[in-house]
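Peer 1: The following block contains a protein sequence and its predicted model.
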Amino acid sequence: MEASYPPTLTSLRGQEIYITGYVLPVDTKGEIYALSAYPFSSCFFCGGAGPESVMGLEFKETPGRLATDAVKTYIGTLVLVQKPSNGFYFTLINVRPYTP
């Protein structure tokens, strides 16, 4: 399925953004993570939420093991994907923790 994004979102493509959500591990090694609008029990992969509620995270430096469902804020560059091969229509690249 191909995504269609509104202009308010496409204007953020390639921009550095801050985003807060629930941290979800995607693999058993703890190397691939997603940020979800919902906790693990209700997320896109396990519950009834849609793909618009989850974002892939590509960290600038390996973060180590992150706690599932920890609410965290990250900063990174927004990538919008038309036809995702990994399930993420949204990806944040060069991700690092946000510390005010």
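Peer 2: That came in fine, so what should we check first? Numbers count the residues shown, from 1 in each chain.
Peer 1: ok, what's across the strand from residue 78?
Peer 2: residue 92 (DSSP bridges).
Peer 1: Is it correct that it is in contact with residue 94?
Peer 2: No: counting by CB atoms under 8 Å, residue 78 sits too far from residue 94 to count as a contact (10.5 Å). For the C-beta atoms, the positions are set from N, CA and C on the backbone; glycine is no exception.
Peer 1: These two: who's more crowded?
Peer 2: Neighbours were counted for residue 78 and for residue 94 using other CB atoms under 10 Å; residue 78 has more, 18 against 12.
Peer 1: who touches the spatially most central residue of the chain in this structure?
Peer 2: For the chain, the residue whose C-alpha lies nearest the mean C-alpha position (CA atoms, centre = their mean) is residue 55; its distance is 2.2 Å. Shown in contact with residue 55 (CB atoms under 8 Å, 6 or more residues apart in numbering): 19, 21, 34, 35, 36, 88, 90, 91, 92.
Peer 1: swap in residue 14?
Peer 2: Taking CB under 8 Å, 6+ apart as the test, what residue 14 contacts is 77, 78, 79.
Peer 1: Ok, residue 3 next?
Peer 2: Listed by CB under 8 Å, 6+ apart, the contact set of residue 3 reads 80, 81, 82, 83, 84, 89.
Peer 1: try residue 63
Peer 2: 33, 97.
Peer 1: Work out for me the element it sits within.
Peer 2: Assigned by DSSP states H and E, residue 63 belongs to neither a helix nor a strand.
Peer 1: circling back to that earlier point, now do the SS call for the residue nearest to the centre of the chain.
Peer 2: Secondary structure for residue 55, judged by DSSP: H, G, I helix; E, B strand; the rest coil, is strand.
Peer 1: cool, and residue 49?
Peer 2: At residue 49 the chain is in coil, as set by three-state DSSP.
Peer 1: Pull the number of nearby residues for it.
Peer 2: So residue 49, with other CB under 10 Å, has 15 neighbours.
Peer 1: State the distance from it to residue 37.
Peer 2: Residue 49 sits 7 Å away from residue 37, taking CB to CB, to the nearest Å as the criterion.
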